[in-house]
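# the amino acid sequence is not available; the structure is as follows:
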C-alpha cells in the first residue's frame, strides 16, 4: 500500500469514526452504565448488558444471541472481568456481521466477468434511495468505472427529475421516459443502451412502494425478466436501501422487501444523524444479507463500502 493509499484509508476511517459518533456515544454509554461498579461478569451484569443492547436498537433476537455467546465464555472462565467485556463484545458483534459474497469487492470495484454489472436498487420512498444511487454513481466513476443510470421509478412525480439532477451532478448518462411509463420498458432500454455503450456499471432505480406487496413483487419480477432478455443473469445485485435513523422500522421494511424480491445486499443510510446505528447489527443478523454500503454523511464520499472490522472498531473506539 502506497503513501496516498494509506492517507485515503486513514481519512476514510476518520470519516467513519465521526459518522458513527452519535451511535457510539449512546451505545458505549449504555454499556458503561450496565457494568459500572462491577468487577466480574455475573448474572446482573448480563441482565444489564442485555437491556443496554436492546436499548441501542440491536434488537431482541440479536441481543439474545450475543448474550448467549458471552454466557458461554463466562462459563469457561469463571473469573472473566468487566474490563474484558468490551473485547468480547467486539468479537461477538463482528462474528454476527455477514461479509459480501465476493470478499474482493472493496472500494467500488466490480466482480470480474460481469460487464455491464447491473444493480437494481429497491427501497421505500424517503430512505435516501435516489441519493444513494447518485453517490454510488459518483464513487464508481471515481474508481474509473463508466456508469449508466436507469430511471425506472416512473410512478413518483419527482423520482425521474431527482435522478436526472444526480446524473448531471455526477456527469453520467441516464435513460428515462415520461412519468407513468412502464418500468420494465425503462429497465430494458437502460440495459440495452448499457450493452451498446459498453459501460461497466448499470444502476436502475425502482418504485418505492409497500402498500401492495403482490403488486411490488410482480413489478420487480417483470423488471428482472425483461433485463434477462439482454443479459441472462441480470440483475447481478439487488440492493435494498434502508434508513438507519428509523431503527426498528428499517427491520420491518427489510422484512417486506425480502419477501417481495431476492435482495442480495443492503445499503444503510443516515447513520451519521442517529444514535440508532445498532440496527445495522439487527438487520445483518436477522436477514443474513451482507451490508455492502453505509451512509455516514452528506458528502458523496460519505457513502462507504462497508467493512465489518472497521465498523466494529469505530463503534467501540473511545476517540
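In hand now; what should we look at? Every value quoted in this text rests on a predicted model; they were computed, and no experiment measured them.
# quick one: low-confidence ranges for the stretch 101-250 of the chain?
101-106, 209-214 (pLDDT under 70).
# what about the strands in it?
117-122, 147-151, 174-175, 201-205, 237-243 (DSSP state E, counting those that start in this stretch).
# in the fourth one, which residues are buried?
For strand 201-205, a neighbour-count test (16 or more other CB atoms under 10 Å) marks 201, 202, 203, 204, 205 as buried. In this view, the C-beta of every residue, glycine as well, is placed from N, C-alpha and C.
# in TSV: those, plus distance to residue 169.
TSV is the format used below for those (distance: CB to CB, whole Å):
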residue	distance to residue 169
201	17
202	18
203	14
204	18
205	15
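# just send the strands of the stretch 101-250 of the chain back as CSV, with distance to residue 188 too.
Formatted as CSV, the strands of the stretch 101-250 of the chain follow (distance: least, CB to CB, whole Å):
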stretch, distance to residue 188
strand 117-122, 12
strand 147-151, 9
strand 174-175, 10
strand 201-205, 10
strand 237-243, 17
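# closest to residue 80 out of these?
Of all the strands of the stretch 101-250 of the chain, strand 237-243 sits nearest to residue 80, with 35.1 Å by CB to CB.
# now the closest one: how far from the chain's centre is it?
7 Å (CA atoms, centre = their mean, to the nearest Å).
# residues touching the most centrally placed residue in the chain, list them.
With distances taken as CA atoms, centre = their mean, the residue of the chain nearest its centroid is residue 267 (2.2 Å). Counting by CB atoms under 8 Å, 6 or more residues apart in numbering, residue 267 makes contact with 132, 239, 240, 241, 242, 291, 292, 293, 294, 295, 303.
# okay, now residue 113: neighbour count?
6 (other CB atoms under 10 Å).
# do residue 153 as well
Residue 153: 26 neighbours (other CB under 10 Å).
# got it, and residue 232?
7.
# the residue nearest to the centre of the chain falls within a strand, correct?
Yes. Counting by DSSP: H, G, I helix; E, B strand; the rest coil, residue 267 is part of a strand.
# which residues does residue 97 contact?
So residue 97 contacts 280, 281, 284, 285, 291, 308, 311, 312 (CB under 8 Å, 6+ apart).
# right, I mislabeled it, should have said residue 177
Here residue 177 is in contact with 151, 154, 185, 186, 189 (CB under 8 Å, 6+ apart).
# what about the nearest residue to the last one once chain neighbours are set aside, distance to residue 29?
Going back to what we said before, that points to residue 189. Among residues not flanking residue 189 along the chain, residue 175 sits closest, at 5.2 Å (CB to CB, 6 or more residues apart in numbering). According to CB to CB, to the nearest Å, residue 175 stands 48 Å off from residue 29.
# do residue 187 as well
Distance from residue 187 to residue 29, by CB to CB: 46 Å.
# can you pick out the residue with more neighbours from the two?
More crowded of residue 187 and residue 29, by other CB under 10 Å: residue 187, with 29 against 14.
# all helices of the stretch 101-250 of the chain, in order?
Remark: helices assigned in the stretch 101-250 of the chain by DSSP state H, counting those that start in this stretch are 129-142, 159-170, 183-197, 213-228, 248-260.
# between those helices, which one is nearest to residue 82?
Using CB to CB, these put helix 248-260 closest to residue 82, at 28.2 Å.
# who's in contact with that closest one?
So helix 248-260 is in contact with 57, 59, 122-124, 127, 210, 213, 216-217, 220, 240, 242-244, 246, 263, 266, 268, 279, 282-283, 286-287, 289, going by CB under 8 Å, 6+ apart.
# do that again at 7 Å, thanks
Helix 248-260 is contacted from outside by 57, 59, 122, 124, 210, 213, 216-217, 220, 240, 242-244, 263, 279, 282-283, 286-287, using CB atoms under 7 Å, 6 or more residues apart in numbering.
# and residue 241, what does it touch?
121, 123, 127, 128, 129, 132, 267, 269 are the contacts of residue 241 under CB under 7 Å, 6+ apart.
# burial count for the last one?
Same thing as residue 269. Neighbour count of residue 269, defined by other CB under 10 Å: 26.
# so the nearest residue to residue 267 once chain neighbours are set aside: helix, strand or coil?
The spatially closest residue to residue 267, leaving aside those adjacent along the chain, is residue 293, at 4.0 Å (CB to CB, 6+ apart). Here residue 293 is recorded as strand under three-state DSSP.
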